[in-house]
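Trainee: 3D model of this:
(2 chains)
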Amino acid sequence: MNLNLHFDRVRSKPWLWSFLAALLVWLATLVFTRGEGAGALTSSALSFSAFFVIVGVGQMFVITTGPGNIDLSIPANIALSGAVGMKLMDSQNDLIVLGVAGVLGVGVLVGCANYALIRVLRIPPIIATLSASFLLQSVAIAYGRSVRIAPPELFYQFSTGNVMGVPYLAVAVVLLTVFAGYLLSRTLYGRWALAVGQNIRAAELAGVRVERVRWATYVLSAVFASLCGVLLAGFSGGASLSMGDEYLLASIAVVVIGGTSVAGGFSNVPGLWGAALFLYLLVSMLNTFGASAGVRLILTGVIIIAVIAAVSGRKSLRSL
Amino acid sequence: MNAPQPMTLKPQPQASGAVTPAAARAVNRARLLRNALPAVSLIVLLATIFIMQPRAMSYMGMNLMLNLAVPIALATIAQMLIITVNDLDLSLGSFISFVACVAATLLNDHPLLGCLALVGCVAVYALLGALIHIRQLPAIVVTLGMSFIWVGGAVLLLPAPGGSAPQWLQALVKIKTPLLPFAVVMCVVLAVAVHLFLMRSTWGVVLRGAGGNPLAIAKAGWSLLKIKVTLYAMAGTFGVLSGLFLVGLTTSADANMALRYTLLSIAGVILGGGEFTGGRVSPVGAVLGALTLVLAGSLLSFIRISPDWQIGAQGAILILVLALRTAVNRLEARPT
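Mentor: Got it, this is the predicted structure:
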C-alpha cells in the first residue's frame, strides 16, 4: 500500500526519468574515463544544455496549447536574432543593452507575425510558422551576409564564463526556467494555456480568452528563440547562418523527452533540464567511447524513439 | 434537473431543404475556384516566367527548369500519403538523402545488395507505420528520431560528398521523350496515377477514410493497422523513387543533399490544397504545388533577384496562395 503510494508519486513526476537517464549517462562516461574530467564535462553539459532549455521553454508553451501547435520558425529566428544582436552591439560593451533590446524586439515581431498568419489566414500553425521561417531565413541571409562581427568582450565573458565550474549562463537559464514554471502553474496566463491545451472548446466556454493566450504563446516562443540566438552568437564568438539548424529538432526532442505531453495540456518544466542534459551527455558519452558521427546520430535517433515509445506506454497505463 | 433538454437552436433563416439555386451555385463556384487554385497559381507563375524569358518556353528550357522538380514532386506525394492519415513525416528529407547515398555507393558497387537495402528502407517505413499505430505514438516525434537515424546511416555510407550513381540510373533520368520534356511527362504520369489510385479506387477511399473518420473505417471491418502500414510503405516507396531520381540527376550524393525536402514537401502538399486533418488531400494538387515551389525559385533568377531571397520567395508564395484560399473559403461560407 505504502509502496504503491510511493510508486504513484514517482510516476506523477515524469521529469524524474529524464534526470535519471542523464545521471546514468554521466556515470557511464566517468566510469569509462576513470573519473577524469568530471568537472569539465559537467560544466560544458550545463552550458550547452542551457541553450537547449531556452528554446525548449518556448516550444513547450507552444506544444502545451494543444495538438497541431508547434513552432517551426525557431532555427530561422535564431539565425536572424544572432545577426541582429551582433550588428547592433557592434563589439562595444556600451551597446549590449541596445543589442539585447533589439533582439527582444525581433522576437516580439516574429511572434506577432507567426500569430497573425495563423489568425488571419486560418492556417495550421505548422504551415504558418513554416512559411514565416522561409521568409526569416531569407532576411537572415540577406542581412547577415556581411563580415562576422565579434561579440562585445563583456557579453562574451557572460556567455562563456563560469563561477566555480557553474556557467553564468546556466544560472541565468535556471532562473528563467523557474520563472517559466511560475508562469505556467501560478499565473492566469499559464492556467489558461493549459486549459486551452486540454480542451479548447471547454476553455472557450469557460471564458478563457483563447486567441489572446495563443498570441502570447507564440510571442513567448519567438522571444525565447531570439534570446537563444543572441546568446549563442555571444557564446560562439559571432553569429552564423546555420547556427540555429539543430535547434528545431532539439527543441522538440527536449520537450518530449522531458515529459511534456505532445497532445498538449500537460507540461513539465524541470524535465526540460533533464532532457537537455541527457541529450548533451549522451552525445559526449558516445564521443568518449570513440563512436563515429554516423553511429552517434543513429543512437541519438534510436534513443529518442525508444523514449517516446516508453513514455507513451506509461501514459496509456495511467489513463486506464 | 439533469435531464437532457433539447438545445434551443436559433431559428435558421433557411430550412435545410430550401437552399436556393443561387446559393447552391455560389457555393459550387467557390468550391470550383478553390480546387482550381493550385493550377491557377502555377499557370500565373509559368506565364510570368515566359513573359520575362521567352526562351524558357522551349523543350530545352522547360527541361532545365523542371528537371529538379521531379524528385521534389515524388517527395511531396510521399509526404501527402503520410498526411492522409493526419501524420507528418519530419524525416523525409533525410530519408531521401540516405537513399541517394545508398544509390551512389551500394547500388553502384553491389547492385543486388543495393536493391535489398532499398527494399529494407521501404520495410522500415512499413514498420514505422505499425509502431506509430500500435503504440499510438505522435508521428512527428517518431519521424524526428528517424531523421537522426537516416542522416547517421548516410554519414556512415558517405562520410564526405561523393560516390557515383549507377550508369543506368543516369541514363534513365536523361531520357528524351517526344513533344514534352521527360520531367513534364513524369509529373503528369505521377499525378494521374496517384489520383486514380487514391481518389478513384475503392482502396483509395478506404485509405483516405482512415484519415477522415478512423472509427467508421474500423467499424466497417477494415484494419487500421494494415491501412497505416500500407500508406507508410507507399510513402517509403515514393521516397526511394525520389532519392533515386535525385541522385540520377546529380550523379553523386551527399548525406545532407535533400534535407530541405522535408519542409518543401509539406509546403507542396498544403499548397496543393491538402489539409492536415480529415484525410483531405489532392495528389494532382500536391504535384502542382511542388512545381509551383520549384518555379518560384526559377522566377527569381529570371528577374535577377539575388538567390538570397529564393527561400523567402517560396515562403511568400505559400502565404499568398493560402491567403487566396482563405478568401475563397470566406466566399463559400458567406450566406447569400
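
Trainee: Leaving out the residues flanking it, which one is nearest to B:Leu263?
Mentor: The shortest distance from B:Leu263 to any non-neighbouring residue, by C-beta to C-beta, 6 or more residues apart in numbering or on different chains, is to A:Leu130 (5.9 Å). Placement of C-beta: from N, CA and C, glycine included.

Trainee: wouldn't the one you found be in contact with B:Ala267 here?
Mentor: Yes. Assessed by C-beta atoms under 8 Å, A:Leu130 is found in contact with B:Ala267 at 6.3 Å.

Trainee: Spell out which parts of the stretch 1-150 of chain B neighbour chain A.
Mentor: B:88, B:90, B:131, B:135-138, B:140-142, B:144-150 (C-beta under 8 Å from any C-beta of the partner chain).

Trainee: 7 Å instead, please
Mentor: By the rule C-beta under 7 Å from any C-beta of the partner chain, the part of the stretch 1-150 of chain B lying against chain A is B:135-138, B:141-142, B:144-149.

Trainee: Report the two of the residues you listed separated the most.
Mentor: With distances taken as C-beta to C-beta, the most widely separated pair in those is B:Gln136 and B:Phe148, at 21.9 Å.

Trainee: of these two, who's got more company?
Mentor: The residue with more neighbours, out of B:Gln136 and B:Phe148, is B:Phe148; 23 against 10, by other C-beta atoms under 10 Å in any protein chain shown.

Trainee: residues contacting the more buried one?
Mentor: A:297-298, A:300-301, A:304 (C-beta atoms under 7 Å, 6 or more residues apart in numbering or on different chains).

Trainee: and chain B, which of the residues you listed reach it?
Mentor: Among the contacts of B:Phe148, chain B is touched by A:297-298, A:300-301, A:304 when using C-beta under 7 Å from any C-beta.

Trainee: and those as CSV, adding secondary structure, neighbour count and pLDDT?
Mentor: Output for those, formatted as CSV (DSSP: H, G, I helix; E, B strand; the rest coil; neighbours: other C-beta atoms under 10 Å in any protein chain shown; pLDDT from 0 to 100):
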residue, secondary structure, neighbour count, pLDDT
A:Leu297, helix, 25, 88
A:Ile298, helix, 21, 92
A:Thr300, helix, 21, 85
A:Gly301, helix, 26, 89
A:Ile304, helix, 26, 82
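
Trainee: Pull up the gap between the spatially most central residue of chain A and A:Ala128, please.
Mentor: The centroid of chain A falls nearest to A:Gly56 when counting by C-alpha atoms, centre = their mean (1.7 Å). A:Gly56 sits 21 Å away from A:Ala128, going by C-beta to C-beta, to the nearest Å.

Trainee: Check what pLDDT A:Ala253 gets.
Mentor: We have a pLDDT of 86 for A:Ala253.

Trainee: So for it, what's the nearest residue that isn't a sequence neighbour?
Mentor: That would be A:Ile304: by C-beta to C-beta, 6+ apart, it lies 5.6 Å from A:Ala253.

Trainee: And A:Gly294, by the same measure?
Mentor: Closest to A:Gly294 by C-beta to C-beta, 6+ apart is B:Leu156, at 3.4 Å.

Trainee: I'd guessed that neighbour sits against A:Arg296; true?
Mentor: No. Using C-beta atoms under 7 Å, B:Leu156 is not in contact with A:Arg296; the gap is 10.3 Å.

Trainee: neighbour count winner among the two?
Mentor: Set side by side, B:Leu156 and A:Arg296 show more neighbours around A:Arg296, with 20 against 17, by other C-beta under 10 Å.

Trainee: what helix or strand does that one sit in?
Mentor: Per DSSP states H and E, A:Arg296 falls inside helix A:293-319.

Trainee: so who does B:Met62 touch?
Mentor: Contacts of B:Met62 (C-beta under 7 Å, 6+ apart): B:181, B:184.

Trainee: Okay, strands next: where are they in the stretch 101-250 of chain A?
Mentor: Ranges of strands within the stretch 101-250 of chain A are A:162-163, A:166-167, based on DSSP state E, counting those that start in this stretch.

Trainee: With mean pLDDT and distance to B:Leu106 as extra columns, can I get these in JSON lines?
Mentor: Listed next are those as JSON lines, based on pLDDT from 0 to 100; distance: least, C-beta to C-beta, whole Å:
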{"stretch": "strand A:162-163", "mean pLDDT": "82", "distance to B:Leu106": "47"}
{"stretch": "strand A:166-167", "mean pLDDT": "88", "distance to B:Leu106": "44"}
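
Trainee: winner for burial among the ones you listed?
Mentor: strand A:166-167 (a mean of 18; mean count of other C-beta atoms under 10 Å in any protein chain shown).

Trainee: and the lengthiest helix in chain B, how far from the chain's centre?
Mentor: Longest helix of chain B, by residue count under DSSP state H: helix B:21-52. On the basis of C-alpha atoms, centre = their mean, to the nearest Å, helix B:21-52 sits 20 Å off its chain's mean C-alpha point.

Trainee: The helix or strand following that helix to helix B:21-52, inter-axis angle?
Mentor: Following helix B:21-52 in sequence order, the next helix or strand is helix B:59-66 (DSSP H and E). Angle of helix B:59-66 versus helix B:21-52, following axes from the mean of the first three to the mean of the last three C-alpha atoms, to 10 degrees, is 110 degrees.

Trainee: what about the closest residue to B:Ile303 other than its chain neighbours, how many residues close to it?
Mentor: Leaving aside its sequence neighbours, B:Ile303 sits nearest to B:Met52 (C-beta to C-beta, 6+ apart; 5.9 Å). Residues lying near B:Met52 (other C-beta under 10 Å) number 14.

Trainee: which residues of chain A fall in helices?
Mentor: Under DSSP H, chain A gives helices at A:2-11, A:15-33, A:38-64, A:74-89, A:96-121, A:125-143, A:153-160, A:168-186, A:188-198, A:200-205, A:210-235, A:247-257, A:269-288, A:293-319.

Trainee: What average pLDDT does the first one get?
Mentor: For helix A:2-11, mean pLDDT is 60.

Trainee: Point out the residues in chain A that sit beside chain B.
Mentor: Counting by C-beta under 7 Å from any C-beta, chain A comes close to chain B at A:68, A:117, A:121-124, A:126-127, A:130-131, A:134-135, A:137-139, A:141-142, A:249, A:252-253, A:256, A:262, A:293-295, A:297-298, A:300-302, A:304-305, A:308-309, A:312-313, A:316.

Trainee: show me where pLDDT drops low in the stretch 151-300 of chain A?
Mentor: For the stretch 151-300 of chain A, no stretch has pLDDT under 70.

Trainee: How about stretch B:286-293 and chain A, touching?
Mentor: No. Residues of stretch B:286-293 are not located near chain A by C-beta under 7 Å from any C-beta, the shortest gap being 9.9 Å.

Trainee: outside of that stretch, which residues touch it?
Mentor: B:38-39, B:41-42, B:45, B:66, B:69, B:72-73, B:76-77, B:80, B:187, B:190-191, B:264, B:267-269, B:271-272, B:274, B:314, B:317.

Trainee: Of those residues, just the buried ones, PyMOL syntax please.
Mentor: To isolate the buried ones among the contacts of stretch B:286-293 in PyMOL, judged by 16 or more other C-beta atoms under 10 Å in any protein chain shown, type:
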select buried, chain B and resi 38+41+42+45+66+69+72+73+76+77+80+187+190+191+264+267+268+269+271+272+274+314+317
